[in-house]
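**Q** The following comprises the amino acid sequence and a computationally predicted model.
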Amino acid sequence: MTSTDRRTALRTGAGLLAAGALAAGCAPNGAVVHPTSPAHPSSPPPSTPSAAPTPRSYPGQPAQLTHGPRTHPRVALTFHGQGDPAIAHSLLGEAEKHGAHLTVLAVGSWLDQYPDMARRILDGGHDLGNHTQRHLAVNAMSEAEARGEITACADRLGRLTGSIGTWFRPSRAPLASPLVLRLARSAGYPHVLSYDVDSLDYTRPGADAVRRKVLDEVRNGSVVSMHFGYPDTVAALPAVLEELARRGLTAVTTTELFS
């Protein structure tokens, strides 16, 4: 047999082996396939986690934002992220049931205790931001201490999500001092997020009082301050969301509110 004949025989034999393998339900590489269908995995690949958004600058907006545009029927419900994670899960689940998206300003030490909460928040389509590392009175600190509070929480967020978070909110104060405002900007946050409606849920006034406080004051563009960690907030949230919907107000992330 000539060398040409041998090569032809080898090619023919390889083709017959491949055809036999496909007829038996196995691809040549060992993957099982249907003889008349394209090869496909037996189960879908795991989903890729949500990408973590980064801070954005909003030209024409002040450095400290208390509310969004009054011309659009949208509001942002913002939550200080701290406390019992079971309550946090309940609040997130209730919001998602109503098609609402929240903004969570997480405390770094809380993320140290419950690191899975960062991905849970993002995977639910919510905003995640920085509320300092230890939730102390950041405006009263020295420059070095305040910088450490901001950057330590930013570092936690970065390690957990790949982003320092979309927003910074000072702890123990509705507005940042000029020093904290400057430090937040140098840490990568173009704006500090404040609010124009305070639910006062942290005073534990009862679910009805939380609901009334929010609904009496909320309007187009409002940014509402609420908290994880308080059962009153969980009890009040369904009624708040239902009334917002009845008024034609959509609860969106703060990023959506300003976009």
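**A** Arrived safely, thanks for sending. Numbers count the residues shown, from 1 in each chain.

**Q** how close does Gln113 get to Val107?
**A** 10 Å (Cβ to Cβ, to the nearest Å). For glycine as for every other residue, the C-beta is placed from the backbone atoms N, C-alpha and C.

**Q** for Gln133, that is, sorry about that
**A** Gln133 sits 7 Å away from Val107, going by Cβ to Cβ.

**Q** shared neighbours, the two?
**A** Residues touching both Gln133 and Val107 (Cβ atoms under 8 Å, 6 or more residues apart in numbering) are Cys153.

**Q** quick revisit: Gln113 and Val107: who's more crowded?
**A** Counted by other Cβ atoms under 10 Å, Gln113 and Val107 do not tie: Val107 has more neighbours, with 23 against 10.

**Q** how far away is that one from Ala118?
**A** Taking Cβ to Cβ, one finds Val107 at 12 Å from Ala118.

**Q** where exactly do the helices run in the stretch 101-250 of the chain?
**A** Counting by DSSP state H, counting those that start in this stretch, the segments of the stretch 101-250 of the chain that form helices are 108-113, 116-123, 143-161, 178-186, 207-217, 231-246.

**Q** can you tell me the average pLDDT over the longest one?
**A** To tie it back to what came earlier, the one meant is helix 143-161. Mean per-residue pLDDT for helix 143-161: 97.

**Q** Now do it: everything it contacts.
**A** Here helix 143-161 makes contact (Cβ under 8 Å, 6+ apart) with 52, 106-108, 111-112, 115, 118-119, 122, 128, 130-134, 136, 138-139, 141, 163-165, 168, 171, 179-180, 183-184, 186-188.

**Q** for the first one, same thing?
**A** Residues lying outside helix 108-113 but in contact with it, judged by Cβ under 8 Å, 6+ apart, are 81-83, 117-118, 130, 132-135, 152-153, 155-157, 160.

**Q** please redo it, this time with the cut-off set to 7 Å
**A** By Cβ atoms under 7 Å, 6 or more residues apart in numbering, the list of residues contacting helix 108-113 from outside reads Gly81, Gln82, Met117, Ala118, Thr132, Gln133, Arg134, Ala152, Cys153, Arg156, Leu160.

**Q** Take those and write them to CSV, including distance to Lys97 and neighbour count.
**A** Formatted as CSV, the contacts of helix 108-113 follow (distance: Cβ to Cβ, whole Å; neighbours: other Cβ atoms under 10 Å):
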residue, distance to Lys97, neighbour count
Gly81, 20, 28
Gln82, 23, 22
Met117, 19, 21
Ala118, 21, 23
Thr132, 30, 29
Gln133, 32, 23
Arg134, 33, 15
Ala152, 34, 17
Cys153, 29, 30
Arg156, 29, 23
Leu160, 25, 20
